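Engineer: Predicted structure and sequence below. I'll ask about it afterward.
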Amino acid sequence: MSNYPEYLQEVLHPITANVSPYFLKNENWFNSLTWKGQVKVNSEELFSISYSGKLDTDGFIYTDTDEPLIIKATLPLTNKSIILFDERIHGFNSFINKSSRNNISLLKNYTEKHSYKLYIYGNTSTDFEDEFTVLENHLIQIDNTTYTLDYLQLNAFDFLGIIAVHDDREIKLCEIELV
């Protein structure tokens, strides 16, 4: 088992704070994150980005009451896509509240011109043993489904962020608390 959420295990690769001025400036916080990595497929590390939600003028993507927040990375040469985050199925809220927001317009292109290196990070601060029913062997029950504590700590994350880098310009695409 890797130290990444199940849906990202194939594409996330370990990183240190040195990959980003933001991470270096906040190194203690960076080191305390539950998981963090660079998105790569084989040796390819540059992606175009599409999203559902709202786009702020500074490049920040955020949730919208009408559409779920979705961020997708696509390899420009092969068109292989990876969903980096879909609030309906990833993170803490997806374990607790089954989303009924299915009205997704076509995903919008973040930009037509650039490909980005992508860094994604998450944290889990929920005390699952305190908040939910604990069965024998430290299994946790949520809505009649049983999970291991390790599985929940990686997959029911309550904080997520994504940084995109193009030509040494760093953009915080998303940073969201999921509780």
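Structural biologist: On my side now, so go ahead.
Engineer: now the strands for this protein?
Structural biologist: 12-13, 35-39, 48-52, 54-55, 61-62, 70-74, 81-86, 108-109, 117-123, 133-134, 139-142, 145-148, 159-166, 169-177 (DSSP state E).
Engineer: for this protein, which spans come out with low pLDDT?
Structural biologist: 1-2, 98-105, 112 (pLDDT under 70).
Engineer: if we can go back for a sec, let me have the strands of the chain in TSV, extended by distance to Tyr4 and mean neighbour count.
Structural biologist: Every residue, glycine included, has its C-beta placed from N, CA and C. Converted to TSV, those look like this (distance: least, CB to CB, whole Å; neighbours: other CB atoms under 10 Å):
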stretch	distance to Tyr4	mean neighbour count
strand 12-13	5	17
strand 35-39	5	21
strand 48-52	20	21
strand 54-55	27	15
strand 61-62	21	20
strand 70-74	15	21
strand 81-86	12	19
strand 108-109	26	13
strand 117-123	9	22
strand 133-134	25	13
strand 139-142	19	15
strand 145-148	15	13
strand 159-166	12	21
strand 169-177	17	17
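Engineer: Of all these, which one comes closest to Asn97?
Structural biologist: Closest approach to Asn97 among the strands of the chain is made by strand 139-142 (11.2 Å; CB to CB).
Engineer: Quick one: list the elements packing against the closest one.
Structural biologist: Under the contact definition 3 or more CB pairs under 8 Å, 6 or more residues apart in numbering; DSSP states H and E, strand 139-142 sits against strand 133-134, strand 145-148, helix 149-155.
Engineer: Quick check: the gap between the residue lying farthest from the centre of the chain and Thr146.
Structural biologist: No residue in the chain sits farther from the centre than Glu136, which is 30.6 Å out by CA atoms, centre = their mean. From Glu136 across to Thr146, the span is 11 Å (CB to CB, to the nearest Å).
Engineer: ok, now Leu135?
Structural biologist: With CB to CB as the criterion, Leu135 and Thr146 are 6 Å apart.
Engineer: Next: Glu10.
Structural biologist: For Glu10, the distance to Thr146 equals 25 Å [CB to CB].
Engineer: CA atoms only for stretch 24-31, dumped as CSV, please.
Structural biologist: This file holds the C-alpha atoms of stretch 24-31, laid out as CSV (Å, rounded to 0.1, in the frame of the first residue of the first chain):
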residue,chain,number,x,y,z
LEU,A,24,9.8,25.8,1.1
LYS,A,25,8.3,28.9,2.7
ASN,A,26,6.0,26.6,4.7
GLU,A,27,8.3,23.6,5.2
ASN,A,28,7.1,22.6,8.6
TRP,A,29,3.5,22.5,7.4
PHE,A,30,4.6,20.7,4.2
ASN,A,31,6.4,18.0,6.3
